[in-house]
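Trainee: sequence plus the predicted model coming up.
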Amino acid sequence: MSGPPISLADLPLEARHIRNPQAIHPDLWHASGLSQGLAQEVGGTLQPSVPSGHAALDAQLPGGGWPSGCLTELMVRALGMGELRLLAPALRLLAQSGKQILMLAPPSMPYAPALAALGIPPESFLVVRASRGADRLWAIEQSLKSNSFGALLAWLDADVPPEALRRFHLAARQARGPVFLFRPMAAQNQASAAPLRMALLPRGYPGLAVQILKRRGPVSLAPIPIAVPLPQRAMRPLEDRMAGAGVPLQPNRSAHVPSQHTRPALDRLPLPGGPLPRDSAPHPARIGPSFTH
């Protein structure tokens with residue numbers, strides 16, 4: 001004969017820990033449920049997750065948003081498919097709070113008018129250019145150790161030594177903001193110390209779907225559809241040029257990856273000055289008003 005329900009507060013301390021293992025340590029959780037968060041305590045302050053701006057995605061992320069103090073790997077099939085637009089709501093929140101956003105070795109310089117159209121001040125970005133793989137790994141580790149950013153976005157190749165990812169993971173535990181690593185889709189089957197790994201899938205341009213590959217919680221089977229924003233005001237110069245050249249603006253829905261004519265300016269258009277130089281060492285460049293024309 002069953003009695004009245006027992007609350008967690010009525011249980012002995014040892015039993016409470018079994019029911020709530022994160023009371024013992026934040027890295028412990030039940031595999032049948034999501035971890036309550038991946039944030040680490042930095043300087044005596046617990047760093048909370050940053051809302052992604054997509055309710056369906058936040059519901060599936062441990063902590064209810066992009067975690068601070070750990071690595072998040074984003075696998076992309078092709079660069080420029082909307083990975084930055086996916087992060088735009090979170091980056092806007094960080095920029096509005098005065099945080100600096102560090103971009104390390106992006107494939108092309110971000111388009112400042114598109115950033116402004118999404119509500120992200122271009123001057124909030126600091127871009128570090130590094131063409132060689134060894135320089136990128138060194139710059140990422142040093143940036144993580146500096147802990148002087150609101151968010152770090154880095155682009156890496158498919159072949160990254162597992163020990164490098166392990167060092168990044170340990171260094172990121174002291175970060176005060178989210179850390180994103182963009183990698184090719186081929187890297188999804190490689191071992192990684194990143195606690196959160198996701199694959200970005202094209203779905204009816206300009207939409208995306210997010211497949212969670214690894215998280216602190218149960219296995220996620222179904223991709224999560226995401227309606228990513230389009231910076232329409234920043235697209236106007238591109239549309240004007242295309243209209244003058246007689247190029248149609250209809251999306252190429254038969255392809256898995258949007259054509260170059262329909263990809264958003266934020267992800268595709270470089271700043272004036274041509275391709276990034278192949279430097280022998282990484283160095284920073286700030287996006288300012290002179291880059292918005």
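Mentor: Ah, there it is.
Trainee: point me to the helix or strand that includes the closest residue to A187 other than its chain neighbours.
Mentor: Excluding its sequence neighbours, the residue lying closest to A187 (C-beta to C-beta, 6 or more residues apart in numbering) is A158, at 4.6 Å. From N, CA and C alone the C-beta is placed, and that goes for glycine too. Using DSSP states H and E, A158 sits in no helix or strand.
Trainee: now swap in A154 and tell me
Mentor: strand 151-155.
Trainee: each with direction, which strands does that strand pair with?
Mentor: strand 101-104 (parallel), strand 179-184 (parallel) (DSSP bridges).
Trainee: turn those strands into CSV, including mean neighbour count and distance to V76.
Mentor: Converted to CSV, those look like this (neighbours: other C-beta atoms under 10 Å; distance: least, C-beta to C-beta, whole Å):
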stretch, mean neighbour count, distance to V76
strand 101-104, 24, 15
strand 179-184, 23, 6
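Trainee: distance to G53 and mean pLDDT for the ones you listed - can I get that in a markdown table?
Mentor: Below are these laid out as a markdown table (distance: least, C-beta to C-beta, whole Å; pLDDT from 0 to 100):
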| stretch | distance to G53 | mean pLDDT |
| --- | --- | --- |
| strand 101-104 | 15 | 95 |
| strand 179-184 | 14 | 96 |
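Trainee: just send those back as JSON lines, with distance to Q60 too.
Mentor: Below are those laid out as JSON lines (distance: least, C-beta to C-beta, whole Å):
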{"stretch": "strand 101-104", "distance to Q60": "24"}
{"stretch": "strand 179-184", "distance to Q60": "17"}
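Trainee: nearest to G119 among those would be which one?
Mentor: Among the strands paired with strand 151-155, strand 101-104 comes nearest to G119, with 13.0 Å by C-beta to C-beta.
Trainee: which strands and helices lie in contact with the following helix or strand past the closest one?
Mentor: Where DSSP H and E defines the elements, the next helix or strand beyond strand 101-104 is helix 112-117. If you count contacts as 3 or more C-beta pairs under 8 Å, 6 or more residues apart in numbering; DSSP states H and E, helix 112-117 packs onto helix 232-244, helix 265-268.
Trainee: quick check: which ranges of the protein have low pLDDT?
Mentor: Along the chain, the parts satisfying pLDDT under 70 run over 1-47, 232-293.
Trainee: could you pull out the helices in the protein for me?
Mentor: Along the chain, counting by DSSP state H, helices occupy 13-19, 55-58, 83-96, 112-117, 133-146, 162-172, 232-244, 265-268.
Trainee: contacts for the fifth one?
Mentor: If I follow you right, that is helix 133-146. Outside of helix 133-146, the residues within contact range by C-beta atoms under 8 Å, 6 or more residues apart in numbering are 102, 104-105, 128, 130, 149, 152, 154-157, 160-161, 164, 167-168, 171-172, 174-175, 179, 181, 279-282.
Trainee: from those residues, list just the buried residues.
Mentor: Among these, those classed as buried by 16 or more other C-beta atoms under 10 Å are 102, 104-105, 128, 130, 149, 152, 154-156, 160, 164, 167-168, 171-172, 174-175, 179, 181, 282.
Trainee: coming back round to it: might you report the residue contacts of the residue nearest to A187?
Mentor: Contacts of A158 (C-beta under 8 Å, 6+ apart): R183, P184, A186, A187, Q190.
Trainee: got a list of what the first one touches?
Mentor: Residues in contact with R183, defined by C-beta under 8 Å, 6+ apart, are E73, L74, M75, V76, W155, L156, D157, A158, V160.
Trainee: what's the separation between the third one and M185?
Mentor: Read it as M75. 5 Å (C-beta to C-beta, to the nearest Å).
Trainee: higher neighbour count, those two?
Mentor: More neighbours surround M75 than the other of M75 and M185, with 22 against 14 (other C-beta atoms under 10 Å).
Trainee: tally of neighbours for the closest residue to that one other than its chain neighbours?
Mentor: Once flanking residues are discounted, M75 sits nearest to A199: 4.4 Å by C-beta to C-beta, 6+ apart. The number of residues packed near A199 is 19, by other C-beta under 10 Å.
Trainee: what's opposite A199 in the beta bridge?
Mentor: Residues in beta-bridge contact with A199 (DSSP bridges): M75, Q211.
Trainee: contacts only, for it.
Mentor: Counted by C-beta under 8 Å, 6+ apart, A199 has contacts L74, M75, V76, M185, Q188, V210, Q211, L213.
Trainee: what count of nearby residues applies to the fifth one?
Mentor: Around Q188 there are 17 other residues, counting by other C-beta under 10 Å.
Trainee: ok, it - contacts?
Mentor: Q188 neighbours (C-beta under 8 Å, 6+ apart): M75, R197, A199, L213.
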